[in-house]
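In: Pasting a predicted model and its sequence here:
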Amino acid sequence: MASILVVDDEPKIRHILKIMLGFKGHEVQEASDGEQALHMINNGAYDLVITDIRMPRLDGLELLDEIQKMEIPCPVIFITAFATVDTAVEAMKKGAIDYITKPFEENKIILTVEKALGISELLRENIQLREELERYSGSDELVCVSEAMKKLMNMAIKVASKGDTTVLITGESGTGKEVIARFIHNNSPRKDGRFVAVNCAAITDNLVESTLFGHEKGSFTGADKRKQGVFEYAAGGTLFLDEIGDLPLEAQAKLLRALQEKVIQRVGGNRPIKVDARVVCATNQDLEDLVKKGRFRQDLFFRINVFPLHIPPLRERKEAIIPLAEHFINKFIERQCQGPYLTQGAKRILMEHTWPGNVRELANAVERAVIIAGAPPISADTLSFLKNSRMQREYAEQLRLPPEGLNLEALEKDLIRQALQATGNNQSAAARLLGLTRSKLRTRVKQLENGS
């Protein structure tokens, strides 16, 4: 079943097409002119638009132009009278898929629509494939220079060849768990299928089951049409369930059944549906600890922990920091550089930083440094923001509220006094030390002096 928008200023034409296409199981909506159609397209998703050429306000050709500007995978078929066939042919040169002539021949309309819907599906798949290739081409974390990562990738290659084995990837945020999952998919017998990534932590509790298993039309408020879940969508490929530890307990039970029996049931449905997708899970949490606390099913843990892969944090593979940083610099600079990418001072700062955000934080820091520096080499001064953030973090770790409490106003006065002393009463420099603007520092000093 497809979602089709019919656009024509003649109600009779819209009605005829709605009946014809409705008999074939398609969901048909109507618009009386191009402007109304454009509003509906902006606020909904359609697999196909069938539009008249000549309409008031916004005609069919103008509507086609607007749809193409949106860069959405929505083919357009034109309705035309014999007298305006030349205009329809011109429209096809601009990007329309086909045209149908009045009076309508039902068989010809159905064939034209089915052909267009096939193109619509190809367009969607091409967009998804392009997005996946773009994301995978950014797999910079796979610069493997540390022994730990070489061992990990060796294990990933081995399990990738087993197309059905469930994998559990663990590691801190920013270590590159999805990158490893994509690597497994792209080196597996399922590489020609889809890689479908789902962040379990980002789905609201009431939509988890619908997202995973799909739903039938009318199964809940807002379910205006049948929807495939990601298990069905990933058929023949890989389903990546990120942040699996955040999945609600009720959904965990149904996920276990899907993994064990390779069968799912849509929300509101009563028909078992066989599914064929390899499942790779990931988490930055301790699932065994969650099991002890009753927040994660033990049987599900055993089921997804068939082949565990742990990605060590960046601070435990320091030998990778400089090669990774140089790799990111090469990615972010606009043209190749003849000299060194990093000064010795910059390398020292990178090696001393603890990288709590792991490879993702390193990539962001390098991108910021490239923008600040303009071109390599990147110096220690360029990376001073890392030094400042480390000092602030270390200070925050040392500062603990004593059991008896403290006087916050007195503490603030003391910090301002220290900053002014350290800078020889230079208010601009003192403000920088405190992370304030000069005007904000002066305002705060006046407030403290006035006791407010």
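Out: Cool, got the structure. Numbering: from 1, shown residues only.
In: Could you give the secondary structure assignment for A251?
Out: Three-state call for A251 (DSSP: H, G, I helix; E, B strand; the rest coil): helix.
In: What segments of the stretch 301-450 of the chain are strands?
Out: Under the criterion DSSP state E, counting those that start in this stretch, the stretch 301-450 of the chain contains strands at 307-310.
In: For the closest residue to I311 other than its chain neighbours, which residues are in contact?
Out: Distances taken as C-beta to C-beta, 6 or more residues apart in numbering place G171 nearest to I311, at 3.4 Å, with adjacent residues excluded. Every residue, glycine included, has its C-beta placed from N, CA and C. Contact analysis of G171 by C-beta atoms under 8 Å, 6 or more residues apart in numbering lists 177, 282, 284, 310-313, 358.
In: before we move on, what about F332?
Out: With C-beta under 8 Å, 6+ apart, F332 has these contacts: 366-367, 370.
In: From those, pick the one nearest G22.
Out: Nearest to G22 out of those is E367 (C-beta to C-beta; 51.8 Å).
In: Can you classify the closest residue to A235 other than its chain neighbours by secondary structure?
Out: Spatial nearest neighbour of A235, excluding adjacent residues (C-beta to C-beta, 6+ apart): D276 at 5.3 Å. With three-state DSSP as the basis, D276 sits in coil.
In: quick one: D276 and G236 touch, right?
Out: Yes. Between D276 and G236 there is a contact at 6.1 Å, judged by C-beta atoms under 8 Å.
In: picking that back up, which pLDDT value does the model give the residue nearest to A235?
Out: In the prediction, the pLDDT value recorded for D276 is 92.
In: what's around it, how many residues?
Out: Number of residues near D276 (other C-beta atoms under 10 Å) recorded here: 15.
In: Tell me which residues touch it, please.
Out: Under the criterion of C-beta under 8 Å, 6+ apart, the neighbours of D276 are 235-236, 262.
In: any idea how far it is from E178?
Out: Distance of D276 to E178, given as C-beta to C-beta, to the nearest Å: 22 Å.
In: what does I349 give?
Out: 28 Å.
In: And these two? Which one has more around it.
Out: For the pair I349 and E178, the greater number of neighbours falls to I349 (23 against 20), based on other C-beta under 10 Å.
In: ok, now which ones touch that one?
Out: Going by C-beta under 8 Å, 6+ apart, I349 touches 380, 383, 386-387.
In: and with 10 Å instead?
Out: Going by C-beta atoms under 10 Å, 6 or more residues apart in numbering, I349 touches 342-343, 365, 369, 378-387, 390.
In: Wasn't I180 part of a helix?
Out: Yes. Using three-state DSSP, the assignment for I180 is a helix.
In: Please verify my assumption that it contacts T238.
Out: No. Under the criterion of C-beta atoms under 10 Å, I180 makes no contact with T238, lying 11.8 Å away.
In: what sits in contact with each of the two?
Out: Joint contacts of I180 and T238 (C-beta under 10 Å, 6+ apart) are 160, 167, 280.
In: Where strands are concerned, which of those count?
Out: 167, 280 (DSSP state E).
In: Throw the shared contacts of I180 and T238 into a markdown table and include distance to I67, neighbour count and pLDDT, thanks.
Out: A markdown table is the format used below for the shared contacts of I180 and T238 (distance: C-beta to C-beta, whole Å; neighbours: other C-beta atoms under 10 Å; pLDDT from 0 to 100):
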| residue | distance to I67 | neighbour count | pLDDT |
| --- | --- | --- | --- |
| A160 | 40 | 24 | 94 |
| V167 | 41 | 25 | 97 |
| V280 | 36 | 31 | 98 |
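In: Could you export the shared contacts of I180 and T238 as JSON lines, including distance to K254?
Out: Converted to JSON lines, the shared contacts of I180 and T238 look like this (distance: C-beta to C-beta, whole Å):
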{"residue": "A160", "distance to K254": "27"}
{"residue": "V167", "distance to K254": "20"}
{"residue": "V280", "distance to K254": "18"}
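In: residues near the closest residue to G214 other than its chain neighbours, how many?
Out: Nearest non-adjacent residue to G214, counting by C-beta to C-beta, 6+ apart: G229, 3.4 Å away. Using other C-beta under 10 Å, G229 has 24 other residues around it.
In: wait, G229 sits on I273?
Out: Yes. With contact defined as C-beta under 10 Å, G229 reaches I273; the gap is 9.1 Å.
In: Quick check: neighbours shared by these two?
Out: Taking C-beta under 10 Å, 6+ apart as the criterion, G229 and I273 both touch 213-214, 258, 264-266.
In: Return the member of these nearest to P248.
Out: Using C-beta to C-beta, those come closest to P248 at F213, 13.5 Å.
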